[in-house]
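**Q** Can you look at this prediction? I've put the sequence above it.
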Amino acid sequence: MCKPPQRSRVSKRTDFTPDPANQGESELSGTRINLPLRHAVSAFANRYAKGRVPTMRAQKLNRAFNGFIDSWIPSRLINDRNSAQRVRMFVISHTLGPFLGQTITLALLLLDPEPTPHVYVLAGSITLFCIFPPALKLTSRYFDAHLCYSVLALLSVMNLIFAVLWGSYHYAGISSPFLVWLLVVPLLAFFYLGSNPVARNFVFGMTGSGLVVFYLLYQFGGGFPEHVESSALVPIGIISIICAMAYVTMMAVYYASVVDSQSELLAEIERHQSTTTQLLDAKEEAERANGAKSDFLAKMSHELRTPLNAVIGYSEMLLEDAEIDGRGEDSADLKKINSAGKHLLALVSEVLDLSKIEAGKMELYTEEVDLDSFVSEVASTCRQIIAKNANELVIRRSSDLGRLECDATKLRQALLNLLSNAAKFTENGRVILSARRERIDNRDWVKIEVQDTGIGIAPDQISNLFHNFSQATPSISSKFGGTGLGLSLSQKLCRFMGGDITVESTIGVGTTFTIILPATTRALASVSSPSQETVSQVPADTSARITPLEPAARNGQDGPMQTILVIDPDPSALEIMERSLQKESYRVVTTERAKDGLQIAHTLKPDAIILDVAVGDMDGWEALDALSSHDDTAGIPVIVQSIIDDPRKGYQLGASAFLVKPVDREPLLETISQVCDEAGFPGNEVLVIDDDGTASRSTVAAAREAGWHVTMVPDFGIGLTRAHQVQPDLVIVDSDSISAGLVAFVDGLKDLEGISILVLVGSEAAPTSTLAIPGTAKTIFNATDRDDVRASALAMLTRNEDLHAGPYKKEAAHG
Amino acid sequence: MAEILLVEDNEMNRDMLGRRLERRGYSVIFAIDGPGGVAAAKDKRPDLILMDIALGQMDGWEATRLIKTDPDTMSIPVIALTAHALSSDRERSAQVGCIDFDTKPIDMPRLLRKIEACLEGRAISAA
């Protein structure tokens, strides 16, 4: 994951820069190339030979060197952002260091008339550094890579201390030019190991005890041995000091750059914080403005209605007078005033209703409605309007209509709007009002259709139909009147009640509008409207809220919209969640309390639940457990959010997905649509066991792309339980290495009939170790290629029988 | 004929609704604010009170509460008239003891049905 960035830069350039190595070849084969082309090629090559080719060579070298260094680093460490850079430095030091160090031993060999054995010991000690990279590679195959690295780094530091003190002791003792290298020890050690106290104590302990031994040898060993005269050591001493300085400078520069980038980071954080403050200010400002808008609308509501009240009332009185007195002319004019007043009032009401929905101030007043009599009542109200254009009203209703829980006033408003639209755009035709019950996704729905034989709506105009102030065409508004608010409002009202309005139309044939509503909305009403008992005990902002939907497109999705219940103790988090989910056309129910959440989940049966386990009034894990263990709610996918990264616990208690807070919008939406899609999926069932959380992302993506239902679990124990619960068609185990747990897991699946097992093993495992995997599984090594995984998995699903019948074979596909 | 007390602060509305009720044979007395309404209810003992809610200092809810807590006037049915058809208004009207509830602007036939129902001693559902 953390690859050196320079690599990609290099590879881009090599594509179009001529390779100097090939230049000779093109000269040789020049006889076959025509002359002008050959000149062009060599001119081009010469031009680049001056400036770019050497840098390219250096880059190539650099790339080769990086590749060489990285080849010694176990993938586990190189993929770990925290350790990759340290380990790389470790390997570089241990590759280059010994070569540089041996120059000193060579010089000593020349200077010292009797080098045996002390120079050879020094040479051995310096050579020993070379074996650390291969040792790291080798040991991390069998043990934890991080542990191997730490132990080897400590051993290396010990060796360095020994080499420095040994060299110093034998050449000039305490005034030895090699002693300065002791300063490099802590620098290197802490670079390798970081600032952990164990390493610190170890390094100080080792250096200290080394010096004590150094002193004791001097004290009781009869002073420092004099192999060479100190004056002879001067040149090598100067070189040694310069080298040590250069080394320390390099490290110091590195540390300085770390400090620089850290302070840059701090500055960035500060800037970020100030942006956040500004955003919060802007948000508050916007909220104030929105509040002012709502106040204004509420006031206007009163101020507009009072004069309208008078216009309508007085014109009605005069109309009555005129009719009594038989003044027909006056009565026609008065009727116009009266109907204009009523029209204006209807518009004012519609605008107010729309603003109320948009400001989240619309309330639901739910009651039980007898559908049969409701339809009769609406029909009798609109009969006159429909008869106006010589239309016939036909009513069709099924016998099992029963009762509907809804806000009758709002449903009536929406339905009358559809009916009056139908009447307006139809002449000498029929308006059919039909009502029936339907069962979709285990829930009862009521469908009310208004079908007309009118002028119809062109397909390209349908998409605009439900937008505010839009009518099919401008000519329609001039001919038929109206503002285009009615349909938009009707749809919003229905969505607000958990349903929707959809439309189908053919030009010249007619239009069908369909209202679909959930038959039961009692749960919503009890938490959304401040009814007597909730209003007295619970402050409005702690109870659950339901918010209406933005007029966003529904991603081409038919049927009723999906409901998401969000349980989060933080009101601002709820608000953010609500907004982003609404934008995606989810219906959102939010609550700050887990107990409310549980109750809502039972009554409302949302399509998915997002639960923050830090919820205050009860243990969030308990709530999760309650949701997944109760029959009513067990089928609802729960996405667990937490600031604590403990997905294992989440999955154990039945979560469908686990997200660590803060969660970005995109991954959240992706997860929601995944868990919603997965619920009730009829296709192949695939269980993925992600042992170490590395490669499985691509595996899951491959499986989902193939249209399979994927359940993901983090370890073998849970995997085994899940496998027996869901009886998957295919189990994919994605693991870096082959462990006893894996073997036991595959063994534990023996009793499941017709199950295929695919084991994906990273490059870490030795091919021979797979012999331990029971023969029921197919194994792929080094499975980095998605297509490869998908092909194998697909083959296993389609050729299930072959795999189970035939003798098993192990394949090694190196990706 | 039945006597109706109309408590309404807007002169135009008072005039209009009063005349329309008189035209249908009711005798109408007026009050222009909450305290006046409470006093008129006590003095005149009308058969029915139409109470506007959006009054000045003392709103219609408070006036109705006073009327309904006074033993002399508590038996007089009160129909609340509000500008909003909110469920909270509906609940409030039931809480303070209104027998029924209607929204402005007045739908005359509907209001008349409610008045008749009240005078006959039964409430019909609010619209």
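**A** On my side now, so go ahead.

**Q** Can you get me a residue count around A:Arg141?
**A** By the criterion of other Cβ atoms under 10 Å in any protein chain shown, A:Arg141 has 14 neighbours. (C-beta placed from N, C-alpha, C; glycine too.)

**Q** Assign a three-state SS to residue 110, would you?
**A** I went with chain A, as the question did not name one. Of the three states, A:Leu110 takes helix under DSSP: H, G, I helix; E, B strand; the rest coil.

**Q** Switch to chain B, please.
**A** Classification of B:Arg110 by three-state DSSP places it in helix.

**Q** does it really touch B:Phe101, like I thought?
**A** No: counting by Cβ atoms under 8 Å, B:Arg110 does not reach B:Phe101; the two are 11.5 Å apart.

**Q** Settle it for me: which of the two has more neighbours?
**A** Ranked by neighbour count (other Cβ under 10 Å), B:Arg110 and B:Phe101 place B:Phe101 first, with 23 against 14.

**Q** Starting from the helix or strand harbouring the more buried one, tell me which strands it pairs with and how they run.
**A** Under the criterion of DSSP states H and E, B:Phe101 resides in strand B:100-103. Applying DSSP bridges, strand B:100-103 is found paired with strand B:78-82 (parallel).

**Q** chain center to the helix or strand following the partner strand: distance?
**A** For strand B:78-82, the following helix or strand on the C-terminal side (DSSP H and E) is helix B:87-96. On the basis of Cα atoms, centre = their mean, to the nearest Å, helix B:87-96 sits 14 Å off its chain's mean C-alpha point.

**Q** Confirm that A:Ser505 sits in a helix.
**A** No: counting by three-state DSSP, A:Ser505 is located in no helix; its state is strand.

**Q** my read: it touches A:Ser463, true?
**A** No: using Cβ under 8 Å, A:Ser505 is not in contact with A:Ser463; the gap is 11.8 Å.

**Q** Could you list the buried residues of stretch A:370-384?
**A** For stretch A:370-384, the neighbour count (16 or more other Cβ atoms under 10 Å in any protein chain shown) marks A:Leu371, A:Phe374, A:Val375, A:Val378, A:Ala379, A:Cys382 as buried.

**Q** contacts for it?
**A** A:393, A:395, A:397, A:401-404, A:408, A:411-412, A:415-416, A:419-420, A:423, A:433, A:435, A:446, A:448 (Cβ atoms under 8 Å, 6 or more residues apart in numbering or on different chains).

**Q** Recalculate using a threshold of 6 Å.
**A** If you take Cβ atoms under 6 Å, 6 or more residues apart in numbering or on different chains as the criterion, stretch A:370-384 is touched by A:Leu393, A:Ile395, A:Arg397, A:Leu401, A:Arg403, A:Leu404, A:Leu415, A:Leu416, A:Leu419, A:Ala435.

**Q** The first one and A:Ser373, how far apart?
**A** When Cβ to Cβ, to the nearest Å is the yardstick, A:Leu393 and A:Ser373 sit 17 Å from each other.

**Q** do B:Ala40 as well
**A** 40 Å.

**Q** now do A:Gly456
**A** Taken as Cβ to Cβ, the span from A:Gly456 to A:Ser373 is 32 Å.

**Q** before we move on, the earlier item: between A:Ser505 and A:Ser463, which one's more packed in?
**A** Neighbour count, other Cβ under 10 Å: between A:Ser505 and A:Ser463, A:Ser505 has more, with 21 against 10.

**Q** Go ahead and report the secondary structure state at the most centrally placed residue in chain B.
**A** Nearest residue to the geometric centre of chain B (Cα atoms, centre = their mean): B:Leu50, 1.5 Å. The three-state label given to B:Leu50 by three-state DSSP is strand.

**Q** Kindly state the beta-bridge partners for it.
**A** B:Leu6, B:Ile79.

**Q** ok, it touching B:Leu6?
**A** Yes: taking contacts as Cβ atoms under 6 Å, B:Leu50 lies within contact range of B:Leu6: 4.9 Å.

**Q** which residue sits closest to A:Pro74, ignoring its sequence neighbours?
**A** Here the nearest residue to A:Pro74 in space, its sequence neighbours aside, is A:Ser140; by Cβ to Cβ, 6 or more residues apart in numbering or on different chains that works out to 4.1 Å.

**Q** Next, the one you found: phi, psi?
**A** phi -70, psi -10 (degrees, to the nearest 10).

**Q** Distance check, it against A:Pro606.
**A** Distance, A:Ser140 to A:Pro606, by Cβ to Cβ: 47 Å.

**Q** Repeat that for A:Val566.
**A** 9 Å.

**Q** same thing with A:Pro113?
**A** 90 Å.

**Q** Which residue of the two possesses the greater neighbour count?
**A** Between A:Pro113 and A:Pro606, counting by other Cβ under 10 Å, A:Pro606 is the more crowded of the two (24 against 7).

**Q** What helix or strand is whichever residue of the stretch 351-500 of chain A sits closest to chain B located in?
**A** Scanning the stretch 351-500 of chain A for the residue nearest chain B gives A:Tyr365, at 3.9 Å (criterion: Cβ to the nearest Cβ). Using DSSP H and E, A:Tyr365 sits within no helix or strand.

**Q** Check what pLDDT it gets.
**A** Note for A:Tyr365: predicted pLDDT of 75.

**Q** next helix or strand past the strand or helix carrying A:Gly341?
**A** Secondary structure from DSSP H and E places A:Gly341 in helix A:328-358. Per DSSP H and E, helix A:328-358 leads on to strand A:367-370 as the next helix or strand towards the C-terminus.

**Q** now that next one, how far from the centre of its chain.
**A** Computed by Cα atoms, centre = their mean, the chain-centroid distance of strand A:367-370 equals 43 Å.
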